[in-house]
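>>> Just the structure for this:
(one chain, ligands or ions: 2)
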Amino acid sequence: MSVKFIASSRLPTPWGVFTMHGFEDPETGKDHVALSMGDVSSGEPVLARVHSECLTGDALFSMRCDCGYQLQEALKRIAEEGRGVLLYLRQEGRGIGLLNKIRAYHLQDAGADTVEANEKLGFGADMREYTMCQPMLKHIGVTSVRLMTNNPRKVKALSNYGVQVTERVAIQTGMNPHNEGYLATKAGKLGHMMDLDGFTQAADVDINRTRPDEDNTP
Ligand SMILES: Nc1nc2c(ncn2[C@@H]2O[C@H](COP(=O)(O)OP(=O)(O)OP(=O)(O)O)[C@@H](O)[C@H]2O)c(=O)[nH]1
Ligand SMILES: [Zn+2]
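Numbers count the residues shown, from 1 in each chain. Ligands and ions are numbered 1, 2, ... in the order given. Here you go, the predicted model:
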């Protein structure tokens, strides 16, 4: 698969100034975004996060999942290193889309877990695919990453599509009473590598304005 690069711009955030690169996926019509900071094309493995869209967690402050907390934590860690990349992939709801995710949440409100809910709706537990990652990373000069994820399938998928993963970096944050069951299901049924006692609690997570004025654009 190939993605088409469209444009780049500055993206100031509470953690630092990133460069935002926009791509179009001609097969699905989806737009994907890469945020980079520092010199990511030197060949040294780059601290990276491949983040799947979660409108509810990333933008609407939902505490049902850990997505928003992971997004903040990833940007903060990249800013602390002064170098890294975050791919923001438009594969909402593990690939089933926002409205089906709301249907799935409705079933979960009635007792289903996150996997059962997807299956009741006729979907697989995880419908995502990662073929766009390698061309997006290649465009900004990244061939090798230290990947922030708890998901072993993500590590495998990236490696299969030609991105070297030199290290998996755990990213366990945002646990709270509303997502404990969800996290337990991810560990139990979806195979996520998580130590449920090793999580940062949501109550301890705050926007940490690391270096708001610093511009790391190379
Ligand atoms: N279908 C469905 N999707 C969900 C649910 N909760 C979160 N998501 C989506 O799941 C995706 C994030 O996947 P996760 O399983 O939380 O984490 P991951 O990306 O596999 O792994 P990490 O890299 O460790 O975060 C996002 O696209 C969310 O929109 C849910 O209950 N049902
Ligand atoms: Zn989420």
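>>> Run through the chain and note the low-pLDDT ranges.
1, 206-218 (pLDDT under 70).
>>> Which parts of this protein are strands?
With DSSP state E as the criterion, the chain has strands at 4-13, 16-24, 31-37, 46-52, 84-89, 144-148, 164-169, 173-175, 200-201.
>>> of all those strands, which lies closest to residue 192?
strand 164-169 (11.3 Å; Cβ to Cβ). Every residue, glycine included, has its C-beta placed from N, CA and C.
>>> what residues does this protein put near ligand 1?
Those residues of the chain that sit near ligand 1, judged by Cβ under 6 Å from any ligand atom, are 52-54, 65, 67, 70, 91-94, 96, 101, 104, 114, 118, 149-151, 154, 186, 192.
>>> And the helices in this structure?
Ranges of helices within the chain are 67-81, 98-109, 114-120, 133-139, 152-160, 180-188, based on DSSP state H.
>>> for these, which one ends up most surrounded?
Most buried of the helices of the chain by mean neighbour count (mean count of other Cβ atoms under 10 Å) is helix 67-81; its value is a mean of 21.
>>> Next up, the contacts around residue 151.
190-193 (Cβ atoms under 8 Å, 6 or more residues apart in numbering).
>>> Narrow those residues to just the buried residues.
Buried residues within the contacts of residue 151, counting neighbours by 16 or more other Cβ atoms under 10 Å: 190, 192.
>>> neighbours of the closest residue to residue 101 other than its chain neighbours, just the number please.
Once flanking residues are discounted, residue 101 sits nearest to residue 93: 3.2 Å by Cβ to Cβ, 6 or more residues apart in numbering. By the criterion of other Cβ atoms under 10 Å, residue 93 has 23 neighbours.
>>> For residue 93, give me its contacts.
Counting by Cβ under 8 Å, 6+ apart, residue 93 has contacts 54, 100-101, 104.
>>> Taking those together, which two end up most distant?
54 and 100 (13.3 Å).
>>> pretty sure residue 141 contacts residue 38?
No. Contact between residue 141 and residue 38 fails when scored by Cβ atoms under 8 Å: they sit 11.5 Å apart.
>>> Please say which of those two ends up with more neighbours.
residue 38 (21 against 14).
>>> Find the nearest non-adjacent residue to that one, please.
residue 83 (3.2 Å).
>>> Give the full set of residues in contact with the nearest residue to residue 162 once chain neighbours are set aside.
With sequence-adjacent residues excluded and distances taken as Cβ to Cβ, 6+ apart, residue 162 is closest to residue 134, at 4.7 Å. Applying Cβ under 8 Å, 6+ apart to residue 134 gives the contacts 158, 161-163.
>>> mind redoing it with 10 Å?
1-3, 142-143, 158, 160-163 (Cβ atoms under 10 Å, 6 or more residues apart in numbering).
>>> just residue 180 next, same as before
So residue 180 contacts 196, 199 (Cβ under 10 Å, 6+ apart).
>>> Perfect, I'm done here.
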